[in-house]
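Chemist: Just to be clear, the model below is a prediction. Sequence and coordinates:
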Amino acid sequence: MSKKVVIVGGVAGGASTAARLRRLDEKAEIIIMERGPYISFANCGLPYHIGGTIPKRDSLILQMPEDMKLRFNVEVRIFNEVTKINRERKTVSVLNKKTEKLYEESYDKLVLSPGSTPFTPPIPGIKANNHFILWTIPDMDKIISYIKTNKPKTAAVIGGGFIGIEMVENLSELGIEVSLVEMMDQVMQPLDYDVAQFVHRQLSKHHIRLFLGNGVKDFTQTEIGQTKLTLQSGLTLTADLVILAIGIRPNSSLAVDSGLETNRRGGIVVDKHLRTSDPDIYAVGDAIEVEHLVSGEQTMIPLAGPANKQGRLCADNIAGIDSIYEASQGTSVAKIFDITAASTGLNEKQLEALGKVLNKDYKATIVHPRSHSSYYPGAYPLTLKILFDMDGKILGAQAVGSMGVDKRIDVIATAMRFKATVFDLTKLELSYAPPYSAAKDPVNMAGFNAENVLTGLCDNIQCRELEDIDITDTIVVDVRTPGETRHGIITGAINIPVDELRDNLDKLDKNKQIILYCAVGFRAYLASRILKQNGFERVKNLAGGYTSYETWTRKYFDRHFVDEPIEYEPCDAIPDGVPQGKV
């Protein structure tokens, strides 16, 4: 006997469930209920149509109802909103938004793919004619129409997540002066601050005004139709156009109202077969709770990739194929003007929220190799950070740069999925030719660095840890050449080039902690090996070297989390002692 399957919501989860189910069961009756006009569209591409990178609007529409009917024999009912689940009768109540008539539709199996919706906090004045969200094609159309009609010169984007960052870039590409306001002290929360600073630098380079650690207190409208934003710090700015990209929340009201189990954030609780607490109701996509691959904790990861996979596996289980959704790891990537930022797994903030302590439960390393062989033209710097536990298990990775970022994060994400360690990264045989990589790929280099840390060949110290060191018990040594130090040096450091270190060991006190740094970390590693084999026991390398330090301490925005500005001083020779000052 064929099943009747009703799917609530299309896009990634619902549409993929329907298509896969039809491939498995030609006889099943499949109905998609979609409250909006589109069942499958490229929501990730919306900002790029606004900016003109994707010129054709129709390119964003992936499937039309008639196409689904013709190819998959799936009935699609757009502008039909499911308002209630009647679990006892196994029906759903549906509002036809065109006729305003309410009707019931029965099901054998029900799939919830309601997605998520933008979060709009109760900030005074947040709703105005020149304030917009971007989540659907109609949202996009409204923004484009407003820009064409009103020709705004200034815009404020509220929220530094993926949508916010993408809108910043695309509005800027249209010649609009853009301000980005973010309540946290950084954009792109999947990144740690030291990596996010490279994104801040890129935004600043493209003349984006950044207001970080500074949420909106209220909005008011001016007499000439602009919006005045008053920030929590008291700063004010005006904008002709406001984009609200503050965050999202799951559309789980149907599940909640019908008594299905949900978590404290409203996420629908499902088992590994994507069944809810009702065995005849499944759920997929942004609205469900999933297990995190690394931590094993239950979490919410609203990404298109997992939603598509969940739809496929959900269809398998409805069709009688025992398929398990194992976990999500949150692999993501974003374009920021000329650079790319990507991450996978957990970051340090998340590890600390789980009670993990740096240098006790986990280690961090950061490297700055080139995207490909440096002697081949067009080799750009690439920053790659890896987090790993004391046994070498990879906990997460982040990268930012102009080329090759997605490739490296994808390799590490794959390694994590198959439970590889940082030791395994050293063994990976990755494709090499000068235009594409180096004989030692950046992934290998990160693995070598992590291996050295775990085997005791070197010990890293992170930039943020410098704030807590005892300067009276520490000597900071810059092992670059004197010429390099003219561009900046950590206050309080002495300069002993690595090639002169063996002849100047008497300048250093073996009883003190020695922190070494160079441009990116390699020469400091060589220096640490020299010192450790000459009786110096308390030796640490500054992870990422001066490249990380200079970026980490730089003020790229209107409010910086460090009260005192970083000081730089020239250093042309080896001083007699250690200058006093703040590191």
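Modeler: Cool, got the structure.

Chemist: Which residue ranges of the stretch 1-150 of the chain form helices?
Modeler: 11-24, 46-50, 65-72, 137-150 (DSSP state H, counting those that start in this stretch).

Chemist: Dump these to JSON lines, plus mean neighbour count and distance to residue 554.
Modeler: Heads up, the C-betas are built off the backbone N, CA and C, glycines and all. Shown next, in JSON lines, are the helices of the stretch 1-150 of the chain (neighbours: other CB atoms under 10 Å; distance: least, CB to CB, whole Å):
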{"stretch": "helix 11-24", "mean neighbour count": "24", "distance to residue 554": "38"}
{"stretch": "helix 46-50", "mean neighbour count": "23", "distance to residue 554": "27"}
{"stretch": "helix 65-72", "mean neighbour count": "15", "distance to residue 554": "51"}
{"stretch": "helix 137-150", "mean neighbour count": "14", "distance to residue 554": "33"}
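
Chemist: Just tell me which of those ends up closest to residue 486.
Modeler: Ranking the helices of the stretch 1-150 of the chain by proximity to residue 486 (CB to CB) places helix 46-50 first, at 41.6 Å.

Chemist: What is the burial count for residue 9?
Modeler: 28 (other CB atoms under 10 Å).

Chemist: which non-adjacent residue is nearest it?
Modeler: Of all residues not flanking residue 9 in the chain, residue 113 sits nearest, at 3.8 Å (CB to CB, 6 or more residues apart in numbering).

Chemist: any idea how far residue 248 is from that neighbour?
Modeler: Between residue 113 and residue 248 the computed distance is 15 Å (CB to CB, to the nearest Å).

Chemist: which one of the two has more residues nearby?
Modeler: Higher neighbour count among residue 113 and residue 248: residue 113, with 31 against 18, using other CB under 10 Å.

Chemist: quick one, phi psi at that one?
Modeler: phi -130, psi 60 (degrees, to the nearest 10).

Chemist: Report the contact partners of it.
Modeler: 7-14, 17, 283-285, 287, 307, 311 (CB atoms under 8 Å, 6 or more residues apart in numbering).

Chemist: now swap in residue 518 and tell me
Modeler: With CB under 8 Å, 6+ apart, residue 518 has these contacts: 478, 479, 480, 498, 524, 527, 545, 546.

Chemist: So which of those are in helices?
Modeler: Among those, the members found in helices (DSSP state H) are 524, 527, 545, 546.

Chemist: Thought residue 480 was touching the last one, still the case?
Modeler: Yes - with contact defined as CB atoms under 8 Å, residue 546 counts as touching residue 480 (7.2 Å).

Chemist: got any residues that touch both of these two?
Modeler: Joint contacts of residue 546 and residue 480 (CB under 8 Å, 6+ apart) are 518, 519.

Chemist: neighbour-wise, which of the two wins?
Modeler: Comparing residue 546 with residue 480 by other CB under 10 Å, the one with more neighbours is residue 546, at 24 against 21.

Chemist: Look up how far residue 368 lies from the more buried one.
Modeler: 10 Å.

Chemist: Tell me how far the residue sitting nearest the centre point of the chain lies from residue 334.
Modeler: In the chain, the residue lying closest to the centroid (CA atoms, centre = their mean) is residue 190, at 3.8 Å. Distance of residue 190 to residue 334, given as CB to CB: 9 Å.

Chemist: returning to what we had before: mind giving me the PyMOL command for buried ones among the contacts of residue 518?
Modeler: Per 16 or more other CB atoms under 10 Å, the buried members of the contacts of residue 518 correspond to this PyMOL selection:
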select buried, resi 478+479+480+498+524+527+545+546
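
Chemist: Go through the contacts of residue 518 and say which is closest to residue 75.
Modeler: Using CB to CB, the contacts of residue 518 come closest to residue 75 at residue 545, 60.5 Å.

Chemist: hey, what's the closest residue to residue 102 other than its chain neighbours bridged with?
Modeler: Spatially, and ignoring its direct neighbours in sequence, residue 102 is nearest to residue 95 (5.4 Å; CB to CB, 6+ apart). On the basis of DSSP bridges, residue 95 is bridged to residue 81, residue 102.

Chemist: Tell me how many other residues crowd residue 95.
Modeler: Considering only other CB under 10 Å, residue 95 is surrounded by 18 other residues.

Chemist: Quick check on residue 363: phi, psi?
Modeler: According to degrees, to the nearest 10, residue 363 has phi -120, psi 160.

Chemist: Quick check: beta-bridge partners of it?
Modeler: residue 388.

Chemist: Pull the contacting residues for it.
Modeler: Contacts of residue 363 by CB under 8 Å, 6+ apart are 387, 388, 389, 390, 450, 453, 454, 460.

Chemist: which residues sit in contact with residue 409?
Modeler: Contacts of residue 409 (CB under 8 Å, 6+ apart): 331, 333, 342, 343, 344, 397, 398, 399.

Chemist: any idea how far it lies from residue 333?
Modeler: For residue 409 relative to residue 333 (CB to CB), the value is 7 Å.

Chemist: Pull the contacting residues for residue 202.
Modeler: 336, 337, 338, 339.

Chemist: And the pLDDT at residue 247?
Modeler: For residue 247, the pLDDT comes out at 89.

Chemist: what about residue 537, distance to residue 509?
Modeler: Counting by CB to CB, the gap from residue 537 to residue 509 is 12 Å.

Chemist: ah, wrong one, I meant residue 425
Modeler: Residue 425 is 36 Å from residue 509, by CB to CB.

Chemist: got it, and residue 124?
Modeler: Distance from residue 124 to residue 509, by CB to CB: 59 Å.
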